[in-house]
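J.: model this:
(chains A and B)
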2 protein chains.
Amino acid sequence: MFQHDLFVRNYSQRFVNELKDFVRIPSVSSQPKHAPDVKRCAGWLANHLRQIGLENVRVIDTPRHPIVYADWLHAAAGPTLLVYGHYDVQPVEPLDEWRTSPFEPTVRDQNLYGRGACDDKGQLFAHVKAIEFYLRNSRRLPVNVKCLFEGEEEVGSPNLKPFIARERRALGCDTVVMSDTRMLGSDRPAITYALRGALSLELEVKGASGDLHSGNYGGALHNPLQALCGIIARLHDSRGRIAVPGLYDRVRCWSRRERGYMAHFGPSDKEILRHAQAIRGWGEHGFTLYERTTIRPALNVTGITGGHQGVGGKSIVPARAVAKIDIRLVPDQEPAQIEQLFREQVCRLTPVTVRSEVRTFFRTKPALVNREHPAMRAALAAYRHGFGVAPVFVRSGGSIPVVNEFQELLGAPTILMGFALPDDRIHAPNEKFHLPNFFKGIETSIAFLREIAQGVPTERQPYTIELR
Amino acid sequence: MFQHDLFVRNYSQRFVNELKDFVRIPSVSSQPKHAPDVKRCAGWLANHLRQIGLENVRVIDTPRHPIVYADWLHAAAGPTLLVYGHYDVQPVEPLDEWRTSPFEPTVRDQNLYGRGACDDKGQLFAHVKAIEFYLRNSRRLPVNVKCLFEGEEEVGSPNLKPFIARERRALGCDTVVMSDTRMLGSDRPAITYALRGALSLELEVKGASGDLHSGNYGGALHNPLQALCGIIARLHDSRGRIAVPGLYDRVRCWSRRERGYMAHFGPSDKEILRHAQAIRGWGEHGFTLYERTTIRPALNVTGITGGHQGVGGKSIVPARAVAKIDIRLVPDQEPAQIEQLFREQVCRLTPVTVRSEVRTFFRTKPALVNREHPAMRAALAAYRHGFGVAPVFVRSGGSIPVVNEFQELLGAPTILMGFALPDDRIHAPNEKFHLPNFFKGIETSIAFLREIAQGVPTERQPYTIELR
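T.: Below is the predicted model:
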């Protein structure tokens, strides 16, 4: 009955070609110039969902980028699965570090290279192809399915939460599945059960009203770049801790048992360094690298711009300098409170000779999923089909805002079936998706739909409520 | 006999139009894409010198940008004046801060706006027009004149010194004049008698081999931007001194008399801040702002680039970060020695978790000119004609490498007749040249040529030696 293998083997070339078409659309959500591309990408995806037989396909406008919705709700008393993914992608800069153009997807050595190939177009597409399998073979799905694909994940999903809150009845479901996380290695699938929260900020330091000649004024005015460096240098102490008073107050201390579980199933320091192609670790004393990236907060400078950016030298005292800062949060830190503590600390650290300003891009809460939920068991079984081995449970250092929102607004746990490899270079130049994982992901999703039909209890009648 | 006024008044519109043509050529010497423009600018200038009647006009190629030479050597036993200037300009970035395009020179409120309008095309051109005055009126000059206009001043004049060394006999002269410095204010002309040296460096900090996801790796790897900030923050101590061991060892301590002279004739802290449009000063304790920018060394970060540069946020731990650093030097610091001290300090400050590399763009020695030289007296008289007042002697915080080289190689003092105003925004967006100073500069130069003919003794016969 479930001829996964045959289905995937027969159509793999077509699947890859379709995914290439999907990746080719430069749906960079953070850059205004790409807004029309994001919209075009939503249209492409909606059209594809319609073609494979999903119903009620909608492209729903938001104040920024649209949400794509589709469903199939004829499984009567069966449970309802909400498939979540995002079709927007990260910026591609620095462009000159790409071996092939980010939006001309290219296959090399069983990998599909391109921005979004892995994060998240390729992973999202594995579920779409699993749905296609059922609709093509039997014109029905083993469970009720709702697809919710957003175009703002890479900018902190500003409009998704209001949408879910407004449509919480129509989006009602028993389980959410999404694939936007990582495996531990090629044959080591993993289900992520914890995610860090995030605060995305910008810190600007301002000096004189314009750039000045560094010969004429150098030594007599505080250089905003130098002042910015002074502030940033003082945001960590000598033991690798973030030097923002109060920031650690609500950080949860995990039991020795939990930390033992993490040490056993999680990646070792050596593995993390190998995947990062780095030689040495760094960070908070007293914690493994895996712990530092999952159960401990982190403050990262993701970019600095100030003064002369071009080739060669230029003799100026720049008027301003800007740093982009990313703070990762863990249970039970509150993003808004941490933002306030950061702002207060920047005030304290800003010398009187310059002015500083902090701007907030977005805030995301950390999330935890119960490892004992029936849908987790269904996922374990599905992985045995798709990958031939059971996955391990891991924590991720990344942030997926919607996981917490699905829990809070829909009361549904999210099963994070990641098909990305640690070296897939998501967010970086030469992002790729390992195609064998794409195919195994499709098979795992096919099995998952069947498993939750049997294993997850439901009390809802999802087909009675329509999106407003 | 010297109808300066009439000459300038009658032809001022033509002079401005010619200067506009000169400014229109984007001769940015530091940016390879502009190399053909630099060459074109040299050709334009040479052609202009030929048109006004100078002889032996040559465009001399160097490994990078050409030198323009011309002379008139028929003043027999009279002294020889070498007129130096540079026709190359600074980069224009950030372009969006220009009110009008940097290479479409525009007159507003008696100012000519454009990159190079003041530094140094406009100032150089004042001397060219003074030479034209004599050749047009009497077909002869009161002194022997050699013009030497380079195209590499803004990149540290890498090929000028070898050229002067090679052609020291042909370039032999009694006095050098150049206009590439500032007045104290609109009616306060100044002759600069001291210049700082400069070291232009680039400091790169490298982490992992590529950008990494800040969610997945944030907290476990040393962020190169953060490490760079840590290094830069430690390059100054809490008293505003440069924290590079040994850097102050050879800094000359000036007498109370000299510092008193500076306090009397130099700009006050208040004036310096007003010109910089800054609210507060900063820097080395125990020195006035004027002293900090002239008799004390300064270390400036002129640019930092690292990580995400575009709009919005991007979740990465960047692989590398680069700072451009400009160190200004004073007598008796040796640029090569200071460079070595800086490199050693960067080594000491670089944590083991990252790698650092220092690259040198150029080095310039500081320079001093004797205020008692006869050519200085000639200049004082010339200013009384041109500006109606005597200039004051000031020190500049900027660097003009060639001043030291003229002294060392030709044995000639350089008279630095600056016609730039403090708010002319040289090196910055909206650079301008105050046109009344252009016209007064022409008159001053006309008078100067006559004054040195009478006041400066000579023993050389310059016309006997030709450029090789």
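J.: Where does pLDDT dip in chain A?
T.: Low-confidence segments of chain A (pLDDT under 70): A:1-4, A:459-466, A:468.
J.: show me what contacts the spatially most central residue of it?
T.: For chain A, A:I400 is the residue whose C-alpha lies nearest the centre (C-alpha atoms, centre = their mean; 5.1 Å). Contacts for A:I400 were tallied using C-beta atoms under 8 Å, 6 or more residues apart in numbering or on different chains; they are A:E153, A:M178, A:D180, A:T181, A:L195, A:T364, A:A367, A:L416. Every C-beta, even on glycine, is put in place using the N, C-alpha and C of the backbone.
J.: so which of those residues comes closest to B:L212?
T.: In terms of C-beta to C-beta, no member of the contacts of A:I400 lies closer to B:L212 than A:T181, at 15.6 Å.
J.: Quick check: the gap between the closest residue in space to the closest one that isn't next to it in sequence and chain B.
T.: Using C-beta to C-beta, 6 or more residues apart in numbering or on different chains and skipping residues adjacent in sequence, the residue nearest A:T181 is A:G418, 3.1 Å away. In this view, A:G418 and chain B are 11 Å apart by C-beta to the nearest C-beta, to the nearest Å.
J.: Wait, A:G418 touches A:Q123, no?
T.: Yes: here A:G418 lies in contact with A:Q123, judged by C-beta atoms under 8 Å, at a distance of 7.2 Å.
J.: Now the common contact residues for these two.
T.: Common neighbours of A:G418 and A:Q123 are listed as A:S179, A:D180 (criterion: C-beta under 8 Å, 6+ apart).
J.: possible to save the contacts of A:I400 as JSON lines with neighbour count?
T.: What follows is the contacts of A:I400, written out as JSON lines (neighbours: other C-beta atoms under 10 Å in any protein chain shown):
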{"residue": "A:E153", "neighbour count": "26"}
{"residue": "A:M178", "neighbour count": "27"}
{"residue": "A:D180", "neighbour count": "26"}
{"residue": "A:T181", "neighbour count": "25"}
{"residue": "A:L195", "neighbour count": "32"}
{"residue": "A:T364", "neighbour count": "25"}
{"residue": "A:A367", "neighbour count": "25"}
{"residue": "A:L416", "neighbour count": "27"}
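J.: of those residues, closest to A:H74?
T.: Distance from A:H74 was checked for each of the contacts of A:I400 by C-beta to C-beta. The minimum falls on A:M178, at 23.0 Å.
J.: related to what we said a few turns ago, tell me the one of the contacts of A:I400 nearest chain B?
T.: Proximity of the contacts of A:I400 to chain B, judged by C-beta to the nearest C-beta, is greatest for A:L195, which lies at 8.3 Å.
J.: how near is the residue lying closest to that closest one once chain neighbours are set aside to A:Y84?
T.: Distance criterion C-beta to C-beta, 6+ apart; nearest residue to A:L195, sequence neighbours excluded, is A:A367 at 4.6 Å. Taking C-beta to C-beta, to the nearest Å as the measure, A:A367 and A:Y84 are separated by 13 Å.
J.: can you list residues touching both of these two?
T.: Counting by C-beta under 8 Å, 6+ apart, the residues touching both A:A367 and A:Y84 are A:T414.
J.: With neighbour numbers in mind, choose between A:G418 and A:Q123.
T.: Set side by side, A:G418 and A:Q123 show unequal neighbour counts under other C-beta atoms under 10 Å in any protein chain shown, the larger going to A:Q123 at 28 against 24.
J.: Quick check: that one vs chain B, distance?
T.: A:Q123 sits 15 Å away from chain B when distances are taken as C-beta to the nearest C-beta.
J.: Then A:L247?
T.: Distance from A:L247 to chain B, counting by C-beta to the nearest C-beta: 13 Å.
J.: Pull the number of nearby residues for that residue.
T.: Neighbour count of A:L247, defined by other C-beta under 10 Å: 21.
J.: Helix, strand or coil: sort out it for me.
T.: For A:L247, the secondary structure call by DSSP: H, G, I helix; E, B strand; the rest coil comes out as coil.
J.: Backbone dihedrals for it, both of them.
T.: Note on A:L247: backbone dihedrals following degrees, to the nearest 10 are phi -60, psi -30.
J.: which ones are touching it?
T.: With C-beta under 8 Å, 6+ apart as the criterion, the residues that contact A:L247 are A:P297, A:Q333, A:I338, A:L341, A:F342.
J.: And A:P422, how close does it get to A:V369?
T.: Here the criterion is C-beta to C-beta. By it, A:P422 lies 21 Å from A:V369.
J.: so A:T353 sits in a helix?
T.: No: A:T353 is assigned coil when assessed by three-state DSSP, not a helix.
J.: What is the neighbour count of it?
T.: A:T353 has 18 nearby residues by other C-beta under 10 Å.
J.: Confirm for me that it is in contact with A:N223.
T.: No: the pair A:T353 and A:N223 does not pass the contact test of C-beta under 8 Å, sitting 9.5 Å apart.
J.: Identify the contacts common to the two.
T.: Going by C-beta under 8 Å, 6+ apart, residues that sit against A:T353 and also against A:N223 are A:G207.
J.: and the stretch 301-450 of chain A, which of its residues are near chain B?
T.: Proximity of the stretch 301-450 of chain A to chain B is assessed by C-beta under 8 Å from any C-beta of the partner chain, with A:301-318, A:321, A:323-324, A:326, A:328, A:351-353, A:361-362, A:396-399, A:422, A:425-430 identified as the residues in range.
J.: Now do the contacts for the residue nearest to A:L195.
T.: Counting by C-beta under 8 Å, 6+ apart, A:A367 makes contact with A:A194, A:L195, A:G197, A:I400, A:V403, A:N404, A:Q407, A:T414.
J.: List phi and psi for the second one.
T.: The main-chain torsion angles of A:L195 are listed as degrees, to the nearest 10 and equal phi -130, psi 150.
J.: Contacts only, for it.
T.: The contact partners of A:L195, taken as C-beta under 8 Å, 6+ apart, are A:P366, A:A367, A:L368, A:R395, A:S396, A:G398, A:S399, A:I400, A:V403, A:N404, A:L416.
J.: Show me the residues of the stretch 301-450 of chain A next to chain B that map onto strands.
T.: When these are checked against strands (DSSP state E), the matches are A:301-307, A:316-317, A:321, A:323-324, A:326, A:328, A:361-362.
J.: And these, which of them are buried?
T.: When those are checked for burial by 16 or more other C-beta atoms under 10 Å in any protein chain shown, the buried set is A:301-307, A:316-317, A:321, A:323-324, A:326, A:328, A:361-362.
J.: what about the nearest residue to A:H74 once chain neighbours are set aside, neighbour count?
T.: Nearest non-adjacent residue to A:H74, counting by C-beta to C-beta, 6+ apart: A:R140, 6.3 Å away. Neighbourhood size, A:R140 [other C-beta under 10 Å]: 11.
J.: So A:R140 sits against A:Y134, correct?
T.: Yes: between A:R140 and A:Y134 there is a contact at 6.6 Å, judged by C-beta under 8 Å.
J.: which residues do the two both contact?
T.: The contact sets of A:R140 and A:Y134 do not overlap (C-beta under 8 Å, 6+ apart).
J.: Unless I misread the structure, A:Q226 falls within a strand.
T.: No: read with three-state DSSP, A:Q226 is helix and lies in no strand.
J.: give me every residue that touches it.
T.: B:I232, B:A233, B:L235, B:H236, B:N300, B:V301.
J.: Which one of the residues you listed sits in the busiest neighbourhood?
T.: When neighbours are taken as other C-beta under 10 Å, the top entry among the contacts of A:Q226 is B:V301 (28 neighbours).
J.: can you tell me how far that one sits from chain A?
T.: With distances taken as C-beta to the nearest C-beta, B:V301 is found 4 Å from chain A.
J.: what are the bridge partners for that residue, then?
T.: In this structure, B:V301 bridges to B:I325 when assessed by DSSP bridges.
J.: ditto for A:V317
T.: Bridge pairing for A:V317 (DSSP bridges) gives the partners A:L212.
J.: In the stretch 51-200 of chain A, which residue sits nearest chain B?
T.: Scanning the stretch 51-200 of chain A for the residue nearest chain B gives A:S200, at 4.2 Å (criterion: C-beta to the nearest C-beta).
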